[in-house]
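1. Show me how the following folds:
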Amino acid sequence: MRVLIATDAWEPQVNGVVRTLTRTIAELRAMGHEVEVVSPDQFTTLPMPTYPEIRLAMGAYEPMQERFKAFEPEAIHIATEGPVGLAARRLCIEWKLPFTTSYHTRFPEYLSARIPAPIAAGYAYVRWFHRPSGRVMVATPTMREELDKRGFRNLSQWSRGVDTDIFKPRDPSGPYAHIFDGLARPIFLNVGRVAVEKNIEAFLELDLPGSKVVVGDGPQREALIEKHPDVFFAGARFGDELAAFFAEADVFVFPSLTDTFGLVLLEAMATGTPVAGYPAPGPVDIVPGSGAGFVDEDLRQACLDCLTLDRAAVRAYAMKFSWRASAEEFFRNLQPYPEPEKTRFWKRLRRLTRLRRRREAAPRSVAPRAEAADALAIDL
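-> As a prediction, this is how the structure comes out:
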């Protein structure tokens, strides 16, 4: 199947949405599907206010029409609610193309944390954005229930996976075995975007033994370094080195209240490092009863409780999650066109394109007849 994915979150951004999409696309291609990605790097962009690392696409609508026509997708998925997603949504509605969407971040809370915008206004926007979607994919049952109560419809679950070959238990002889040398044990680790919506200060202000480590970059990093000189801020790390930070830590701490899943939870567990978090969407769906961590309104207590867990059992729990299973679930959620309808649509669209080009090349006196042919040729 030809699958087009429109997303505002894409490389070089480093976050859970990008990791989810890149791994899902890799699995879909391995399964034999053809995938086309429409992302901000293909357009003129401007930095996002308050977060310049994220680039916002400008003027995406007209170029996207050509991308749709050239690829002729059999399924369309819109992953984000930004400019790229808006352009794809508009096109699908105007051309009467069915599409699916996904809800990756608690966008209204995220927005409210950055600018003085009421959360109710944010939910009004995302409800409007997702309303025409054939299916709105969400990562956890808790998030699905919450969105249902807020008036969202057509909700379907799309879980996540973890690469257990990269994220694996500590290797005492590996190149990063001494990554925390000089730091007092136990090591309490946080990995992710260093930004206000991640609630990192809730972790940094805890009275815990040992050392706190933050891996990642973002707009709040410099302010937090100045405010918490006792915390080791390691910056952004990738690949095997990032996996080693997870593996060499004693507890992974996830204080976020705005994530809908949190891939880093599974990545930590895959290395054998237990997870402490609040009972919020993501942790509350993955951690309780797993033997791989604790959730508690008292985050400090959850952190201390994690020190008692068996790392082998933590790893075993993470092995239940795979990216192939996640991609298969995503594919089942897609709403492809029925074959006859799909064929008719793209034939009519190609015919309309030819008629428009002919009209543009014709003398003015011919234009009215061309317009009439236009109207008769296609009814989108």
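2. Now do the strands in the protein.
-> In the chain, the strands defined using DSSP state E lie at 2-6, 34-38, 44-48, 51-58, 75-78, 100-102, 136-138, 155-157, 187-191, 211-215, 232-235, 251-254, 275-277, 293-295.
3. hey, which of the ones you listed is tucked in deepest?
-> Comparing those on average neighbours per residue, with mean count of other Cβ atoms under 10 Å, the densest one is strand 275-277 at a mean of 29. For every residue, glycine as well, the C-beta is placed using N, CA and C.
4. Strand partners (parallel or antiparallel) of it?
-> Each strand paired with strand 275-277, and its direction, by DSSP bridges: strand 251-254 (parallel), strand 293-295 (parallel).
5. pLDDT averaged over stretch 27-36 - what is it?
-> Stretch 27-36 shows a mean pLDDT of 97.
6. Mind listing the residues bridging to the closest residue in space to Ser102 that isn't next to it in sequence?
-> Nearest in space to Ser102, with sequence neighbours left out and distances taken as Cβ to Cβ, 6 or more residues apart in numbering, is Met137 at 4.1 Å. Here Met137 sits in beta bridges with Ser102, Ser156, going by DSSP bridges.
7. From Ala223, how far off is Met137?
-> Counting by Cβ to Cβ, to the nearest Å, the gap from Met137 to Ala223 is 35 Å.
8. what's the answer for Glu66, then?
-> 43 Å.
9. For Gly218, give me the backbone phi and psi.
-> For Gly218, the backbone dihedrals (degrees, to the nearest 10) come out as phi 160, psi 180.
10. Report the contact partners of the nearest residue to it once chain neighbours are set aside.
-> With Cβ to Cβ, 6+ apart as the measure, Val194 is the residue that lies nearest to Gly218, at 3.6 Å, once sequence neighbours are left out. Contact partners of Val194, counting by Cβ atoms under 8 Å, 6 or more residues apart in numbering, are Ile200, Val214, Gly216, Asp217, Gly218, Pro219, Gln220, Arg221, Leu224, Phe233.
11. Ok, Lys198 next?
-> For Lys198, the contacting residues are Gly192, Gly218, Pro255, Ser256, Thr258, Asp259, by Cβ under 8 Å, 6+ apart.
12. Asp41 against Trp10, yeah?
-> Yes: using Cβ atoms under 8 Å, Asp41 is in contact with Trp10, at 6.3 Å.
13. Any chance of a markdown table for the strands paired with strand 275-277, columns distance to Ser159?
-> Written out in a markdown table, the entries for these read as follows (distance: least, Cβ to Cβ, whole Å):
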| stretch | distance to Ser159 |
| --- | --- |
| strand 251-254 | 17 |
| strand 293-295 | 17 |
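14. Can you redo these as TSV, where the extra columns are distance to Ala177 and mean pLDDT?
-> Putting those into TSV (distance: least, Cβ to Cβ, whole Å; pLDDT from 0 to 100) gives the following:
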stretch	distance to Ala177	mean pLDDT
strand 251-254	18	98
strand 293-295	24	98
